[in-house]
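In: Structure for the following, please:
(4 chains)
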Amino acid sequence: MEILAYTDDHHRFRSRMRAFLEKEITPWTDQWEADHITPKWAWQKLGRAGFLCTGVSPEYGGMGGDFLYSVIAAEEMAKTNHTGLASALHSDVVVPYIQAFGSGEQKKKYLPGCVSGDIIAAVAMTEPDAGSDLASMTTTAAEKNGGIELNGAKTFISNGINAGLVIVAAKDPDEPNPYNAVSLYIVEDGTPGFKRGRHLEKMGFHSQDTAELFFTNCRIPGQNRLGQKGAGFGMLMEKLQQERLVTSICAQAAAELILEITTDFCKNATDRNQKPLSKSQATQFAIVEMTTEVKLGRAFLDKLIAGHMAGEQAIVDTSMAKYWITDMAKRISRRCADLFGDYGFCEACPIVRAFRDVRVMPVFAGTNEIMKNIAARFMGL
Amino acid sequence: MEILAYTDDHHRFRSRMRAFLEKEITPWTDQWEADHITPKWAWQKLGRAGFLCTGVSPEYGGMGGDFLYSVIAAEEMAKTNHTGLASALHSDVVVPYIQAFGSGEQKKKYLPGCVSGDIIAAVAMTEPDAGSDLASMTTTAAEKNGGIELNGAKTFISNGINAGLVIVAAKDPDEPNPYNAVSLYIVEDGTPGFKRGRHLEKMGFHSQDTAELFFTNCRIPGQNRLGQKGAGFGMLMEKLQQERLVTSICAQAAAELILEITTDFCKNATDRNQKPLSKSQATQFAIVEMTTEVKLGRAFLDKLIAGHMAGEQAIVDTSMAKYWITDMAKRISRRCADLFGDYGFCEACPIVRAFRDVRVMPVFAGTNEIMKNIAARFMGL
Amino acid sequence: MHFELDKSHKEIQKAVREFVRAQFDREMIIEALKTGDLPAAVRKKAAQLGFSGIHIPDEYDGGGMGLFEYVLAAEQMCRKDASAGMALMLSGFGAECLFDPGRKNLAEKYLPPVAGGKMRAGAALFEPGAGADISGTQTTAAASGDHWIINGDKAYVPNGITAGFYVVLCATREDADPPDSSVNTGDQQSLIIVDADTPGVTTESAGPTLGAGMVDFAHVGFQNAAVSVKNIIGTPGQGLDRSLSFLNQARIQAAAMALGTGQGAFDRALDYTRQRSQFGKKLAQFQVTRHKLADMAAGLESARLSVYQAAKAFDAGTCDAKTAAAAKLTAANAAMTAADEAVQLLGGYGYMTEYEVEHFYRDAKTLEIFLGSPGVLKDVIAGGLIGKLR
Amino acid sequence: MHFELDKSHKEIQKAVREFVRAQFDREMIIEALKTGDLPAAVRKKAAQLGFSGIHIPDEYDGGGMGLFEYVLAAEQMCRKDASAGMALMLSGFGAECLFDPGRKNLAEKYLPPVAGGKMRAGAALFEPGAGADISGTQTTAAASGDHWIINGDKAYVPNGITAGFYVVLCATREDADPPDSSVNTGDQQSLIIVDADTPGVTTESAGPTLGAGMVDFAHVGFQNAAVSVKNIIGTPGQGLDRSLSFLNQARIQAAAMALGTGQGAFDRALDYTRQRSQFGKKLAQFQVTRHKLADMAAGLESARLSVYQAAKAFDAGTCDAKTAAAAKLTAANAAMTAADEAVQLLGGYGYMTEYEVEHFYRDAKTLEIFLGSPGVLKDVIAGGLIGKLR
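Out: Model (predicted):
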C-alpha cells in the first residue's frame, strides 16, 4: 500500500534524473567537496536538463509539474551524497517566493533563469545576532525616492557565494511593530553595496557555499520589493512550511541512503571466518531497528506530502516531521558508523561525509527546538 | 490526508460502540480489576450488542464487516482502560482460526456462540519451558481409534479461565520433524482431562484471566482437529501476522489514550501560581515529542492496516510495527507518569493502570526480540 | 581518591545481606504487600541490628554512622526486595532534621523510638498543587502563648498514616490572629514537630501505589493543631534551608534504593538468562541478551559511583543540591533501564509476580518519581550549574 | 573509599590547564589540523613538561606516574582541544608494553625518545577484516638465526606513518620455512618491536579521518621484515595476554580523552548559553536549555567516576577487561551526547568550525569507535559478566 500516487510519468522522470546525476554530477562531487564550492556550470547543466524548478509553469520555461516532481528531485539529489548543488533549496524553497508573491514582471525577469540554472537563488533571513528569532532582525530597508536602501548583515546563507539573486528580509526602520515591519526584497548579484563575506568553514556541507552577506547603503529599485510592504513576516511564515517539509524530505532521503550503504556493507563485508557481519545478532538488530525508524519517518512524511499536495495546513505535523526526521537521520548516521569499525572514522568510508552533512539538518530551517515550540503553541499547550 | 478509508457506516459503528462501552462496560472495570476476572455476562452483553467477531459472516450470526470494524472495536475497547474483556484477542486472533481453517460443521457449531459472546475463545501455544520457541513445544496429540488424546501443559493463556473453547497446538509424537508435527485442536470447556491451573498473578492485566492449562489424557473427538494434520505450524505462522497487527493496534490505542489523559491533565492542573503545567517548556517539549512518536506509530500502522486489508504480505513491517509500537506505548507510559508528579505513582492516577498493563505488550504475541529476529531473517540479514 | 570499600563497609554490606536472606522470605513479602506493611517483627529486627536507624546518632540509640553507611545498607536491602527495603529505610523519614547539634531536647524524645523501630516519622514538606516547590509554603504556624497553632495541608507524606510524628514545614507567624491561608513568607519558614495524635491532625491515604507497597503515603491536614512552642526545630526561619538540606539527603537515600532496585533486577536477569535455554542455546549466549546485560551493568556501575560520591560528600558537608539531584537522576534512570530490560529478558515470566522482576519494575518507577521526577531534578541541577544570570 | 582528588593530582590538572592555555592557540590548532600534525615545538614542550610521557617510568625519562595521572592529563588536554590532546597523549601508543619489569634492554632503547617527544610509537595489533578480534593473528614471525622474519598486514595503526617503531602482534613460529599465512596459533602469539625503517615495512595512510585530525592512521605491511631476535617483548607466547592488558589500558586512555572532549563541548555550551540572548532572554534561562545542560553534566560526572575508577584499578593491578570497556563505553557515550547537544545549543554556530564544538563532535564520534565501538565493548563486558556457561 503506497501513500503517494506516483504515475508512470513520475517514475520516468526519476529514472531520467538518476541516470543524469550518475553520469554528470556524482563523478564530480569529491572535487567540489575539496573545492568547497560547486561550479555554476553544474547548475546550468542540471537546469538545462530540466531538473530545476519543476514546479514553475511552462510560461516561464518550467515543466509545471506537481510537488511529487520536487520530491523526486530532492530524493535523487540526496543520492549524489553531497550538498553543494542545493537544488531543492533553490527550486522548492527560494524560487517559490517569486512564483507565489512576484509581480508578473518579476516572474518574467527571473523565473526563466532560475529554471535554466543561469540564476542561482538564495534567501537571506538569519542574522548574526538573531538566530531563529526572526522578530529581532535588524537589517533595514528604507524606501525613499522610489528606491530602496538596504543596510545590515545576514549569515549562514546557503548558496551565498554562488547566488545571482538573493531574497532579503529587512525591516522598515519607521515601523515599531516587528511583525508589520518586515518586507522581502530581491537583490541581484553585482548591486553596489551588496558584498559577500567570508565563505564560512563548517563541519560538513563542504561543497555548499555558506556565506555571510553584507548590505551597506545598498540601493535597489523600488520594483524589487516582493509582494506587499510589511507583509514579509506572513510570507516567510507561509513558505517556511514548505522549507521545513523539503528539509524533512532531504533528511529522510539521507537517512535512507546512509542505511542502505551500511546494510550493504554489513551483508558483504566478512569477519575473519568469512561470516558476513550481518550474521551477528547485534548487527541484525541494529539494522532492523534503524530500518524501522526509517520506515516510520517515511510513512509519516509521505502522509504529510500527500496532505501538502491537497492543500492541507499542517503546521504541527510539519514541525514534528522536521524535528523527528532530521534527528533520526543524525541518530542513524551515528549508529551506522559504528558498524564499520575503525573504517567508520575514516573519510574514505562512504557514510562519513553524510555523518557530517546531516548534522546541520536539526539546526537549519529553524532549529528543532524552535520546531517543538511551534508545535506546542499550535497544540494549545 | 487520511490513510484509512473509513465510511459513514464505520463512523456510526464507532459512535454506537463508544456509547455502549461508556454505559455498560467502563463503570464496571474497577470492580473487575479488583476481582481479577471479567464476568461472562459482560462478554454476552458485548456480543449481543454486535461488537464481537464483526468479521464473521452473517451466515453464522456475524455482521461480515471488513477489518476496519475490528480496528474500531479494538480502539474503542482500549478506551475502557482495562484488558479483561479481551475482545480483540477473541474476535480477531482466535476466532479467525475457526473462520479460516474450520470445517463447515465446526463453523456452524462454534461461530454463532463466539459472535454472541456465549463462547469465549482462547488459543494455547506457549509452554512453560518453550516460551517463544514454538518448535520445542512438548504437548502431544496422539490420534487413535478415531479419537485424539492430548497430554501436556500450556501457560500464559489469556482468557484461560473464562474460555469455553481453546485452540490447542500439539505435536504428533510420531513425527520427528517439529515443523511437520504440529496440529491444532479444539478443546471445549468441561472435557475430561482438561484442567485449568492457577490464575497467574501479574504486574497488570488484572481483569484479564491469564492461566496455565493442563491436558492429561484429555480425549477429544477426531473431528475436533482444526485443518489438516501436521499443518499447525503453517496455520500459526499465517495467523500470527494478524495477531501481531492486532497487538499493534491495541498498543497504539493505549499510547494515544495515555497521552491524551496526560495532556489534558497538564493543560488543566496548575502550579501554585495558577499557571497550567503545560506552560512549562520542558512539559511542552515532552508532550510534543510524545505526540510525535504517537503520530509516527499511527501513520505506519494505518499504512500497514491498509496493506493488510488489500491482502499484502508484510511480515517485516508487521514485526517492526509490533516491536516499535509496543515499545513506544511502554516508553510513553513511563514518561507520562513523570508529568503527574507524586500522583504519578498512585494507583488513583488514571494512567497508572495503563503503565502496568502496557508493559506486557513488548513481551506477548512473540517478544520484541523475536520480532527483530523475524524481521532480520526476512530482510536477508 | 580511591574507590575500594573499606573493610568495615564490606562488613555492613555483608551483615545486611545476611539479614535480608534470613528475613525477607517470599511468603512474608507477598503477605506484606497485601497488608501494605512489614510485620512488626521484621521492623524490630532491622532496628535491633542497627540498619534502619544506621545514621541516627548513637547517643539516641542509632547506629551513629553517616549517610554513606545508610546508602550501603539501603542498596543491599532493596537489592533483595525493593518494597521491604524502602519500608525499613524510610521508616524515620524526616527524623534526620533532628540530627543537628543543638536539637537535644527534641532528639531525646523522638529519635530513640525511631531508632528502635517502634515509631515512624513523616516529613511533611510538599503541599497540594505545588509539586516539588517548597519555597512558598502555605501551611501556617501561628505562635499563641506556649503553642504553635498549625493550619494547612501536606501532600504525599511517606508514612503519612503510620507515623508517630510529622516534621512539618510551616510559614511561621508572630501572632495568633485568625490564620490567613494566603500568607506566604518564604523567608520565614520553620520546621515544627507535630505528634500524629495531636487534635486537629487528619490523614487521608493516597491509596495504593504503583510500587513502594509497604510504605503508606497520605495527605495530612492540620486544622488548628496546637503543639508546644518547643517543638520547633531550631529557630524560626531556619526551616527552608533545613528542608532543602534534608531533601538533598533524602534524594541520595532514594538514589541508593533505586540503585539496589536496579541491581536486584539485574541479578535476577543474569541468573535467569544463564539458566534458561531457548532455540537450543542458553539465553545468555545470544549476543543481544549479552549486550542488554552489559548495558544494564555499565549503567548501574557508573550510577553506583555517583551515589556513593554524593553520600560521601554529604557526610563531609560538601554536597550541593546539584550533586544530590544528579545522583538520584542517574541512579533512578539506571534502575528503570535495568528493571525494564529484566522484565523483557524474562519474557512472560518477567510479567508474573512470582518471578519478582515485575515488582522491581514498579518500585523503580516509583523511585524515579518520588522526591523529584527527572524534570524536577534537572531543574535543580541546572540551577547549580548555571547560577544567576545577569 | 573517598572521592576527593589529592593535592598532587589537582596540581597536575592545573599544570596541564596552564600548558594548554599557553600552547593550544587557535591559529596553531587550525594550522595543525590542515597539516595533520602538531608542530614539533608543541610536542617537545609537552614532553619537557612531562605530560605526554607522564606514565613512562622515570628511569626511562618519563614522568614515572600511573595511568590515573595519565587520565587526568589526557582529560584536561582534550577538554581544551581534543585533536591536539589525542595527538600528544597517543604519541607513544603501544610503548606501554615496555613498562613491565624485565624489559630493560628494549625499554632503554625505545622509551627515552618517546618520553622526550622525539619519537612516536604505534601498536600494530589489529588486522584487516578481523575487527576488534586479535585472538587469531595472521601476521607471522618466524625465527631465523638471530632474526624474526615478519610477514603480514596490520590495519588502522595510530601514528602508522610517523612512528619510529611498531609494537607488532605476531604468531610466532619455530622455523623459518616459507611463511604460511594460514597459520593461526592463538596460544603462541608474541609482541615484537619493529623499527619503522626496517626493510620490508610499508605503510599506507588510511587517509583523512573524521576526528583525531593530528593523529595519522595507517595500514602497515610487513614483507620478510627482519628484526633482531631480541626485539621480542618477553618470551614467545606472552603476546596475546600482554596485548589484551594493553588494550584495557588503552581503552581507559581513550575514555579519558572522550571525557575531556565531552567536557570541552559542555564548557563551550555553558558559556554560550549564558551569554547569548534570544527572544529577549538568555538561552540559559529557557527550561529546555537548562535540562539539556543538566543531562550533559550528569552524564559526564558519572562517566568521570567510571573512568577514574578504572584507572585507579588498573594502577592497582585489579582492572579487568570488563571495567576498562565499561569506562570507555560510558565515557564515549557521555561525550557524544554532550558534543551533540553542544552543537545543537549553539545552533548555526555549532556547525561552524570557528566555534569549535563541531570539532568536538567529530572527535567524540572518532573516540566512540576507536579501540572498540559500543558493540565491541558490550561483547567484552558481557564476557566478564556472564563468564563461561555450562
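In: What part of the chain, helix or strand, is modelled with the least confidence?
Out: Using chain A here. One helix or strand of chain A scores below all others by mean pLDDT, DSSP states H and E: strand A:194-199, with a mean of 88.
In: my question was about chain C
Out: Of the helices and strands making up chain C, the lowest-confidence element is strand C:277-278, at a mean of 90, by mean pLDDT, DSSP H and E.
In: Contacts for that one next, please.
Out: In this structure, residues lying in contact with strand C:277-278 by C-beta atoms under 8 Å, 6 or more residues apart in numbering or on different chains are B:Ala130, B:Gly131, B:Ser132, B:Asp133, B:Ser136, C:Leu283. Just so you know, the C-beta spots here come from the backbone N, C-alpha and C atoms, and that holds for glycine as well.
In: any idea which element the first one lies in?
Out: Meaning B:Ala130. Using DSSP states H and E, B:Ala130 sits in no helix or strand.
In: Hmm, B:Ser136 and it touching each other?
Out: Yes - here B:Ala130 reaches B:Ser136: they are 4.7 Å apart, a contact under C-beta atoms under 8 Å.
In: pretty sure A:Glu243 contacts A:Ala365?
Out: Yes - contact criterion C-beta under 8 Å: A:Glu243 and A:Ala365 qualify, at 5.2 Å.
In: quick one on the thing from earlier: between B:Ala130 and B:Ser136, which one's more packed in?
Out: Per other C-beta atoms under 10 Å in any protein chain shown, whichever of B:Ala130 and B:Ser136 has more neighbours is B:Ala130, with 19 against 16.
In: mind checking how far that one is from C:Gly348?
Out: Applying C-beta to C-beta, to the nearest Å, the value for B:Ala130 to C:Gly348 is 11 Å.
In: so where's the chain shaky on pLDDT?
Out: If you meant another chain, say so; for now it's chain A. A:131 (pLDDT under 70).
In: Correction: the question concerned chain C.
Out: Along chain C, segments meeting pLDDT under 70 span C:174-187.
In: Closest to the centroid, which residue in it?
Out: With distances taken as C-alpha atoms, centre = their mean, C:Ala254 lies nearest the centre of chain C, 4.5 Å away.
In: residue with max distance from the center of the chain?
Out: Looking at chain A here, since you left the chain open. What lies farthest from the middle of chain A is A:Asn273; by C-alpha atoms, centre = their mean that is 44.3 Å.
In: nope, chain C please
Out: In chain C, by C-alpha atoms, centre = their mean, C:Gly280 is the one farthest from centre (44.0 Å).
In: Tell me how far the residue nearest to the centre of chain C lies from chain B.
Out: 12 Å (C-beta to the nearest C-beta, to the nearest Å).
In: Report the spatially nearest residue to that residue, omitting neighbours in sequence.
Out: Counting by C-beta to C-beta, 6 or more residues apart in numbering or on different chains, the nearest residue to C:Ala254 once its immediate chain neighbours are dropped is C:Leu371, at 5.0 Å.
In: That neighbour contacts C:Phe246, correct?
Out: No - counting by C-beta under 8 Å, C:Leu371 sits too far from C:Phe246 to count as a contact (10.4 Å).
In: Those two - which one has more neighbours?
Out: The neighbour count for C:Leu371 versus C:Phe246, taken as other C-beta under 10 Å, is higher for C:Leu371 (25 against 21).
In: In three-state terms, how would the more buried one be classified?
Out: Classification of C:Leu371 using DSSP: H, G, I helix; E, B strand; the rest coil returns coil.
In: which ones are touching it?
Out: C:Leu247, C:Ala250, C:Arg251, C:Ala254, C:Lys328.
In: And the first one, its phi and psi?
Out: Right, C:Leu247. phi -60, psi -40 (degrees, to the nearest 10).
In: got a list of what it touches?
Out: By C-beta under 8 Å, 6+ apart, C:Leu247 lies in contact with C:Leu125, C:Ile134, C:Ala321, C:Ala324, C:Leu371.
In: try 10 Å this time
Out: Taking C-beta atoms under 10 Å, 6 or more residues apart in numbering or on different chains, we find C:Leu247 in contact with C:Ala123, C:Leu125, C:Phe126, C:Ala132, C:Ile134, C:Ala321, C:Ala324, C:Ala325, C:Leu371, C:Gly372, C:Val380.
In: Specify the local secondary structure of the first one.
Out: It stands for C:Ala123. The local conformation at C:Ala123, judged by three-state DSSP, is strand.
In: before we move on, back to that, any common contacting residues for A:Glu243 and A:Ala365?
Out: Listed as contacting both A:Glu243 and A:Ala365 by C-beta under 10 Å, 6+ apart are A:Leu89, A:Val93, A:Lys322.
In: Return the member of these nearest to chain C.
Out: Taking C-beta to the nearest C-beta as the measure, chain C sits nearest to A:Lys322 out of the shared contacts of A:Glu243 and A:Ala365, at 24.3 Å.
In: got the contact list for that closest one?
Out: Contacts of A:Lys322 (C-beta under 10 Å, 6+ apart): A:240-241, A:243-248, A:251, A:304, A:361-362, A:364-368, A:370-372, A:374-375.
In: Same check on C:Tyr361?
Out: With contact set as C-beta under 10 Å, 6+ apart, C:Tyr361 has these partners: B:203, B:334, B:355-356, B:359, C:82, C:210-211, C:261, C:265, C:335-336, C:338-344, C:350-351.
In: what's around residue 214, how many residues?
Out: Answering for chain A, as no chain was given. Residues near A:Phe214, counting by other C-beta under 10 Å: 18.
In: my bad, chain C
Out: So C:Met214, with other C-beta under 10 Å, has 25 neighbours.
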